[in-house]
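> Structure for the following, please:
(one chain, ligands or ions: 2)
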Amino acid sequence: MKIPSAIILLLFVILGLLFLLRVLLFKTGLIYITKKGWRSLQDCVHVYQFFKVPEFDESMQENHLYRQVSIYLSSLASIEDSDFTNLFTGKKTHDIVLHLDPNQVIDDYFLGARVSWINEVKNDTNCCRTFVLKIRRADKRRILRPYLQHIHITSDELEQKKKDVKLHINIDTHEHNRMWRSVTFKHPSTFDTIAMEYDLKNKLRSDLESFLKAEQYYHRLGRAWKRSYLLYGPSGTGKSSFVAAMANFLGYDVYDIDLSRVLDDSDLKTLLLQTTSKSVILIEDLDRFLMDKSTRVSLSGVLNFMDGVLNACCADERIMVYTMNGKDHVDPAILRPGRIDVHIHFPLCDFSSFKTLANNYLGVKDHKLFPQVEEFFQTGASLSPAEIGELMIANRNSPGRALRSVITALQTDGDGRGSLNIRKQWNDNSSRKSTGDSGEHSGIFSKEGVNAMKDIRKLYGLLRLKSTKKSESFDRTPDRKDGQSIGGESAQEHESW
Ligand SMILES: Nc1ncnc2c1ncn2[C@@H]1O[C@H](COP(=O)(O)OP(=O)(O)OP(=O)(O)O)[C@@H](O)[C@H]1O
Ligand SMILES: [Mg+2]
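Ligands and ions are numbered 1, 2, ... in the order given. Alright, predicted model coming up:
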């Protein structure tokens, strides 16, 4: 049969027009308007159901599903099709992470069904952020549960892959009820870099390891799976560095609570509620805070924070750490046995810690000057690890010079608590006069500096009696050692290491 040429011509014209229409739709962006129109048409013939995932629950505790949805949505390819998307740098500087802008919609497809998510943010500050899931009623029964399960698994996998330890800092302006601001925690401190008595360090490491495995144990006892530590000792002895080492060792986030930014006792409770499990909750300089009479958080607020009902019922698996310079002026209620599980004293540097520092800072395991340094430590002279570290960093290119400067500091300081800073200030003020003495280029080590430091020390009475220091140097006297070792906290009230 012969096809009339007019029909062939018509077919060509139609194909040509369709092609032109396609080009027009795609090149001009009219395709998006068409898709939107088609979507509105579909919406008219389907019945939808909405599910809200708010950021916080009614007791202001973080809703973990919200975070999971947020991670999941950021991983969807369709996020790029959203009208507004926020771009952030990721873990590595060349990574770009996309986040949905407020009130934007994103589509997802699961088991052949299309669902939409709306990132709902109301403008009023009291309102939380919410993700709203829009799902066809006809699909709901079939896909809702497996879909949520899928989000849960995918976000967990994504989080595991990009797991960075985070440092959370409390803020006093509460945006969307959010009380914490977070940054990636990149503190390089580890147990290897901390100079500390070998046995004590091992004991602490295995204490943390046994804590990690003790979920059943704690729950069998009817206790919250948490452990608390008090780190106390003079300034610059490594308390904060030790907390960082703990967080790195455990892979836990750190919540660093600045009590001076807390508005009142109930604010402190809400802060605790907004922490997650697998975290180190840190309060630094608690002694100083408690001595400050102008604070807005009461002693009972702090006590409740430490071991109140709230503490036991919110997120599990956490480490509470309090640091202090000394326990002498602290209310006995804080230190009462059983409140903080382990008390650890951070002493000034002894010879063994000095060797760890020399190894870490100078790469020196042994040196002909070591016996001389040891002698000074034996006579009771000491500096804090921070002070020794500072001397070593300043002379890191010459271990001999570094060790000589430590010897000079030990020799001239006796008990050198705090004097290094004063020397430093003095040297800054004296326009860094150069000495040429034994090739030491840092102003800190100048003869003038040392003499002036001696005068200042006399003037301010900084030289302390060695005997006082000795009695403080390593508190291994158990306050109430009722028999058990680590993990047996039910029988003992606290351990003092
Ligand atoms: N025991 C230590 N081992 C290794 N480095 C230490 C030690 N103690 C202090 N340092 C070094 O000294 C510096 C100050 O230490 P850190 O801030 O941990 O002391 P701190 O006890 O928390 O002092 P403060 O009571 O003033 O807060 C850090 O850079 C750290 O590297
Ligand atoms: Mg500190």
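> List the contacts of the closest residue to ligand 1 within the chain.
Closest residue of the chain to ligand 1, Cβ to the nearest ligand atom: G238 (2.8 Å). Just so you know, the C-beta spots here come from the backbone N, C-alpha and C atoms, and that holds for glycine as well. Taking Cβ atoms under 8 Å, 6 or more residues apart in numbering, we find G238 in contact with 194-196, 346, 385-386.
> which among the residues you listed end up buried?
194-196, 346, 385-386 (16 or more other Cβ atoms under 10 Å).
> Go through those and flag which are in helices.
Mapping the buried ones among the contacts of G238 onto helices (DSSP state H) picks out 385-386.
> and the stretch 151-300 of the chain, which residues reach ligand 1?
193-196, 235-241 (Cβ under 6 Å from any ligand atom).
> Would you mind giving these as a markdown table with pLDDT added?
As requested, these are arranged in a markdown table below (pLDDT from 0 to 100):
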| residue | pLDDT |
| --- | --- |
| T193 | 92 |
| I194 | 94 |
| A195 | 93 |
| M196 | 92 |
| S235 | 95 |
| G236 | 95 |
| T237 | 96 |
| G238 | 95 |
| K239 | 96 |
| S240 | 96 |
| S241 | 96 |
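> can you map out the helices along the stretch 251-400 of the chain?
Chain-ordered helices for the stretch 251-400 of the chain, with DSSP state H, counting those that start in this stretch as the definition, fall at 265-273, 286-291, 299-307, 309-313, 332-335, 351-362, 370-378, 385-394, 399-413.
> residue in the stretch 101-250 of the chain nearest to ligand 2?
S240 (3.2 Å; Cβ to the ion).
> Would you single out the least confident of the helices of the stretch 251-400 of the chain?
Ranked by mean pLDDT, the helices of the stretch 251-400 of the chain bottom out at helix 309-313, with a mean of 72.
> buried set for it?
Buried positions in helix 309-313, judged by neighbour count with 16+ other Cβ under 10 Å: N311.
> got the contact list for that helix?
With Cβ under 8 Å, 6+ apart as the test, helix 309-313 has contacts from 223-224, 226, 269, 272-273, 304-305, 320.
> What are the boundaries of the strands in the stretch 101-250 of the chain?
With DSSP state E, counting those that start in this stretch applied, the stretch 101-250 of the chain shows strands at 105-110, 113-120, 130-136, 166-175, 178-184, 226-232, listed in chain order.
> out of those strands, which comes closest to T295?
Distance to T295, taken as Cβ to Cβ, is lowest for strand 166-175 among those, at 13.5 Å.
> and L231, what does it touch?
Contact partners of L231, counting by Cβ under 8 Å, 6+ apart, are 239, 242-243, 321-324, 344, 346.
> same thing but 10 Å
Contact partners of L231, counting by Cβ atoms under 10 Å, 6 or more residues apart in numbering, are 237-240, 242-243, 246, 282, 284, 321-324, 342-346.
> Name the next helix or strand downstream of the worst-scoring helix or strand of the chain on mean pLDDT, please.
When each helix and strand of the chain is scored by mean pLDDT, DSSP states H and E, helix 466-472 comes last, with a mean of 33. Where DSSP states H and E defines the elements, the next helix or strand beyond helix 466-472 is strand 495-496.
> Tell me which other helices or strands that next one touches.
Secondary-structure packing of strand 495-496 (3 or more Cβ pairs under 10 Å, 6 or more residues apart in numbering; DSSP states H and E): strand 342-345.
> Can you give the strand pairings for the strand it packs on, parallel or anti for each?
With DSSP bridges as the test, strand 342-345 is paired with strand 226-232 (parallel), strand 495-496 (parallel).
> from the stretch 351-497 of the chain, which residue is nearest to ligand 2?
At 9.5 Å from ligand 2, A386 is the closest residue in the stretch 351-497 of the chain, using Cβ to the ion.
> Pretty sure that residue sits against G233.
No: counting by Cβ atoms under 10 Å, A386 does not reach G233; the two are 11.3 Å apart.
> K269 and ligand 2: what is the separation?
For K269, the distance to ligand 2 equals 25 Å [Cβ to the ion, to the nearest Å].
> Counting neighbours, what do you get for that residue?
For K269, the count of nearby residues is 19 (other Cβ atoms under 10 Å).
> check contacts around it.
Going by Cβ under 10 Å, 6+ apart, K269 touches 60, 262, 301, 304-305, 308, 310-311, 314.
> so how far is stretch 258-271 from its chain's centroid?
Chain-centre distance of stretch 258-271: 18 Å, with Cα atoms, centre = their mean, to the nearest Å.
> buried residues in that stretch?
Across stretch 258-271, burial judged by 16+ other Cβ under 10 Å covers 259, 262, 265, 267-271.
> try stretch 284-300
By neighbour count on 16+ other Cβ under 10 Å, the buried set for stretch 284-300 is 284-287, 289-290, 295, 297.
> Is there any residue in that stretch that contacts ligand 2?
No: Stretch 284-300 stays clear of ligand 2 (Cβ under 5 Å from the ion), getting no nearer than 5.7 Å.
> What is the end-to-end distance of that stretch?
In stretch 284-300, first residue to last residue: 18 Å (Cα to Cα, to the nearest Å).
> All further residue positions should be reported with the first residue as 610.
From this message on, residue numbering opens at 610, which makes the last subject stretch 893-909.
> can you list the residues that contact it?
Stretch 893-909 is touched from outside by 839-841, 844, 848-849, 852, 865-877, 892, 910-911, 913-915, 917, 930-940, 942-943, with contacts defined as Cβ under 10 Å, 6+ apart.
> are any of those residues buried, and which?
839-841, 848-849, 852, 865-866, 868, 871, 874, 876-877, 892, 910-911, 913-915, 930-934, 936, 939, 943.
> where's stretch 656-672 relative to the chain centroid, distance-wise?
Remark: stretch 656-672 is offset 26 Å from the chain centroid, using Cα atoms, centre = their mean.
> Return the set of buried residues in it.
The neighbour-count check on stretch 656-672 (16+ other Cβ under 10 Å) flags 662-665, 670-672 as buried.
> so which of the residues you listed would you say is closest to D975?
E671 (51.6 Å).
> pLDDT value on that closest one, please?
E671 carries a pLDDT value of 81.
> Show me what it bridges to in the sheet.
As for beta bridges, E671 partners with F665 under DSSP bridges.
> Is it in contact with L881, as I believe?
No: using Cβ under 10 Å as the test, E671 is too far from L881 to be in contact (11.4 Å).
> returning to that earlier point: in CSV: the contacts of K878, plus distance to ligand 2.
Formatted as CSV, the contacts of K878 follow (distance: Cβ to the ion, whole Å):
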residue, distance to ligand 2
M669, 30
V871, 19
G910, 22
N913, 24
F914, 19
G917, 25
L919, 26
N920, 23
C923, 26
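> Tell me the residues of this protein that contact ligand 2?
Neighbours of ligand 2 within the chain, by Cβ under 5 Å from the ion: 848-849.
> where in the chain is pLDDT low?
The model of the chain has pLDDT under 70 over residues 610-612, 700-702, 732-736, 771, 782-785, 921, 923-924, 1022-1103.
> could you redo the last one with a cut-off of 50?
The chain contains residues with pLDDT under 50 at 735, 1023-1101.
> Okay, domains of it per the record?
The chain resolves into domains spanning 648-770, 792-956, 960-1081 when parsed by automatic domain parsing.
> And the longest one, how far out from the chain middle?
For domain 792-956, the distance from its own C-alpha centre to the chain's C-alpha centre is 13 Å (Cα atoms, centre = their mean).
> Just the endpoints, please. Distance across it?
Domain 792-956 has an end-to-end distance of 31 Å (Cα to Cα).
> Same question for stretch 679-699.
This stretch, stretch 679-699, spans 15 Å end to end (Cα to Cα).
> List the buried residues of that stretch.
679-683, 685, 688, 691.
> how about TSV for these, with distance to ligand 1 and secondary structure added?
Rendered in TSV, the data for the buried residues of stretch 679-699 read as follows (distance: Cβ to the nearest ligand atom, whole Å; DSSP: H, G, I helix; E, B strand; the rest coil):
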residue	distance to ligand 1	secondary structure
S679	34	helix
I680	33	helix
Y681	38	helix
L682	39	helix
S683	35	helix
L685	42	coil
I688	41	helix
S691	44	coil
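> Appreciated, that's everything.
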